[in-house]
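Undergrad: Using only what follows, build the 3D model:
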Amino acid sequence: MTKRTGLIWLSVVMAASLLVSGCSAVVLGAGGNEAPVDVGQPVDAGLAPVDEVSVIIMESLPATAAVIARGDLPDGCTNIVDALMTIDEEAGLFQVTLGTYRDPETMCTMALVPFEEVIDLPILGLPAGTYTVEVNGVATTFELAVDNVPLGE
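TA: Alright, predicted model coming up:
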């Protein structure tokens, strides 16, 4: 595991811990030993349903790139709340996870809501080759024809 991947996973674990710990509270009854009563908001977290993934490479030196993920959220209350990326440089794989959140207590429109997320890909310094980008299980590839290094290196 590269140092970058380890830092990204640490961020994911910390964010998940904050999300879980901050979403509910337990209050004891007046006697102190009664059954706990949950007074927090229910959490409904998941993954964005991605239908299509594409990569755009900007014509610059060095090149920059972004992945575009498109799909439909299940209702008007579901929102994309994070985009987490892991990179396996040896395998040439960028894995992106688009997380969603919906408060199940809120009344929502039950119609699909299209989304488009653009996520920058950190390709500076990558050697020429073919790379795979996967967003929530939907994958595509892109190719760098030359090493992507700053001018003069």
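
Undergrad: Quick check: F94 vs T109, distance?
TA: Per CB to CB, to the nearest Å, F94 is found 33 Å from T109. (C-beta placed from N, C-alpha, C; glycine too.)

Undergrad: Settle it for me: which of these two has more neighbours?
TA: F94 (24 against 9; other CB atoms under 10 Å).

Undergrad: beta partners of the more buried one?
TA: I87, V133 (DSSP bridges).

Undergrad: mind listing what it touches?
TA: Shown in contact with F94 (CB atoms under 8 Å, 6 or more residues apart in numbering): V67, M85, T86, I87, L121, Y131, T132, V133, E134.

Undergrad: is it true that the fourth one touches I123?
TA: The one in question is I87. No. Contact status for I87 versus I123: not in contact, 9.9 Å apart, counting by CB atoms under 8 Å.

Undergrad: Can you get me a residue count around the residue lying closest to D75 once chain neighbours are set aside?
TA: Distances taken as CB to CB, 6 or more residues apart in numbering place C108 nearest to D75, at 4.4 Å, with adjacent residues excluded. Other residues within reach of C108, judged by other CB under 10 Å, total 14.

Undergrad: didn't C108 look like it was pressed against C77?
TA: Yes. C108 is within contact range of C77, at 3.6 Å (criterion: CB under 8 Å).

Undergrad: Which neighbours do those two have in common?
TA: R102.

Undergrad: Now do the residue nearest to D75 against P150, distance only.
TA: For C108, the distance to P150 - CB to CB - is 47 Å.

Undergrad: can you check V96 too?
TA: Taken as CB to CB, the span from V96 to P150 is 25 Å.

Undergrad: Between the two, point out the one with more neighbours.
TA: More crowded of V96 and P150, by other CB under 10 Å: V96, with 21 against 9.

Undergrad: distance of the more buried one from E59?
TA: V96 is 23 Å from E59, by CB to CB.

Undergrad: One more: T97?
TA: Distance from T97 to E59, by CB to CB: 29 Å.
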